[in-house]
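Novice: Next input, structure requested:
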Amino acid sequence: MEAIHPWITQGDSSSDDFSGQANYTSNFELEKNVGKRYLLQINQMYESAKIWINDE
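Specialist: Next up is the predicted model:
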C-alpha cells in the first residue's frame, strides 16, 4: 500500500472480508534540538492504533 486507508477501499472481496490485524511501519529521522518539545500528529487513523516511538 502506498498510504494507510480502510481495507474496504482496496476493490477486491478478500480485502473487504478481512478480519484481523495488520502492521504498518514508517520511519523518519528528526534532528533533535536541546530544550525543544515535539508533537507527533496523526492526521488519519482508522479503527484503532498502537504507536511505538524508539521501541517504547
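Novice: which sections of the chain are below the confidence cut-off?
Specialist: 1, 56 (pLDDT under 70).
Novice: centroid residue for it?
Specialist: Y24 (5.4 Å; C-alpha atoms, centre = their mean).
Novice: host element of it?
Specialist: According to DSSP states H and E, Y24 maps onto no helix or strand at all.
Novice: Not including adjacent chain positions, what is the nearest residue to it?
Specialist: Nearest non-adjacent residue to Y24, counting by C-beta to C-beta, 6 or more residues apart in numbering: I4, 5.7 Å away. From N, CA and C alone the C-beta is placed, and that goes for glycine too.
Novice: residues contacting that neighbour?
Specialist: By C-beta atoms under 8 Å, 6 or more residues apart in numbering, I4 lies in contact with Y24, Q44, M45, Y46.
Novice: Need the three-state assignment for it.
Specialist: coil (DSSP: H, G, I helix; E, B strand; the rest coil).
Novice: can you pull out the strands in this protein?
Specialist: For the chain, applying DSSP state E gives no strands.
Novice: ok, back up a step: pick the one among the contacts of I4 closest to F18.
Specialist: Y46 (12.6 Å; C-beta to C-beta).
Novice: can you count the residues close to the residue lying closest to Y38 once chain neighbours are set aside?
Specialist: Closest residue to Y38 apart from its sequence neighbours, by C-beta to C-beta, 6+ apart: L30 at 7.0 Å. The tally of other residues near L30 (other C-beta atoms under 10 Å) stands at 7.
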